[in-house]
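>>> Take this sequence and fold it.
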Amino acid sequence: MSTARLRRRTTKAARYAVQMAKAGSLESELRKNFTAARAHRNVANAVPLTSADRMAVRAFQQARLAHTHADLLESTQFGPAAQFFLTELYSTEDLTQRDADIERVIKILVRFLPDKALATLAAALEMDALSEHLDGEMVTALRAIQGNKEPLKIDANRYKRAYKTVGHADQRLQQIELTRSIGGALDQLARKPMLRVLLRMMRTPAVAGGVGGLHEFLERGYAAFAHMKDGQAFISSIANRERQEHDRLMG
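Residues are numbered from 1 along each chain as shown. Predicted coordinates:
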């Protein structure tokens, strides 16, 4: 075998090894974040009162988000992306099936989705885990403020007291930065027509494999950001308002 041919084979093998290492790293990150988020949900759902409290906190926060970003939700340009952020990335729905779907197809996602898309999904799962952790802390603080086992009642004053009690300002700011990062990545991915084709090709196998719900989630996120002309303006608006809200609650 010639030296040049041997060099080409060695280079190809090295490139393949790098790709495999990167895929393994992304899969590990996906599994770590997914496992953390599901563990928090399982703890909350193990006790009926705590489960109800968690949903009450999420409903209150989702209503607050809808109020803060009402103009974006009503915007023709930004409405779909705002709706995706408020109802998909921060959901009050039962995520048991979505969790099961993700666990089943992580290896498939790592194999077929671009690295950027996988990194975005990993960040979304990281934010999911962080939100579940902070929501659990809020449940504990709000329950202590109420002082009884009646259905949890949350108003603006109680929520602010609980927010300051929980603290974790660094994690709150990380949550906002993850929002900015995920939004920026989705905006970039929405400019890649081949990803739309890939998602369309994966639709039938996903449904046949019983993970149609997860695939619809990915397609809705892509479509919401592809609809916008200026995704950066939308992302900056969301992040800046959430930083202002954080400062108000901590003040």
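>>> From here on, just use CA atoms for contacts and neighbour counts.
Will do.
>>> Below-threshold pLDDT in the stretch 151-251 of the chain: ranges please.
Along the stretch 151-251 of the chain, the model assigns pLDDT under 70 to residues 197, 202-215.
>>> Apply 50 and report the result again.
Per-residue confidence for the stretch 151-251 of the chain (pLDDT under 50) gives no ranges below the cut-off.
>>> And the strands in it?
Listed in chain order, the strands of the stretch 151-251 of the chain (DSSP state E, counting those that start in this stretch) amount to none at all.
>>> all helices of it, in order?
With DSSP state H, counting those that start in this stretch applied, the stretch 151-251 of the chain shows helices at 156-166, 169-189, 193-208, 212-226, 231-250, listed in chain order.
>>> Any chance of those in a markdown table with mean neighbour count and distance to His69 as columns?
Formatted as a markdown table, the helices of the stretch 151-251 of the chain follow (neighbours: other CA atoms under 10 Å; distance: least, CA to CA, whole Å):
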| stretch | mean neighbour count | distance to His69 |
| --- | --- | --- |
| helix 156-166 | 16 | 17 |
| helix 169-189 | 19 | 14 |
| helix 193-208 | 14 | 28 |
| helix 212-226 | 19 | 16 |
| helix 231-250 | 16 | 7 |
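>>> which stretch among those helices comes nearest Asp128?
Minimum separation from Asp128 across the helices of the stretch 151-251 of the chain (CA to CA) falls at helix 169-189, 9.2 Å.
>>> what angle do that closest one and helix 231-250 make?
Using axes from the mean of the first three to the mean of the last three CA atoms, to 10 degrees, the inter-axis angle of helix 169-189 relative to helix 231-250 is 170 degrees.
>>> Identify the residues contacting helix 169-189?
By CA atoms under 8 Å, 6 or more residues apart in numbering, the surrounding residues in contact with helix 169-189 are 116-117, 120, 123-124, 127, 130-131, 195, 221-222, 225-226, 231-232, 235-236, 238-239, 242-243, 246.
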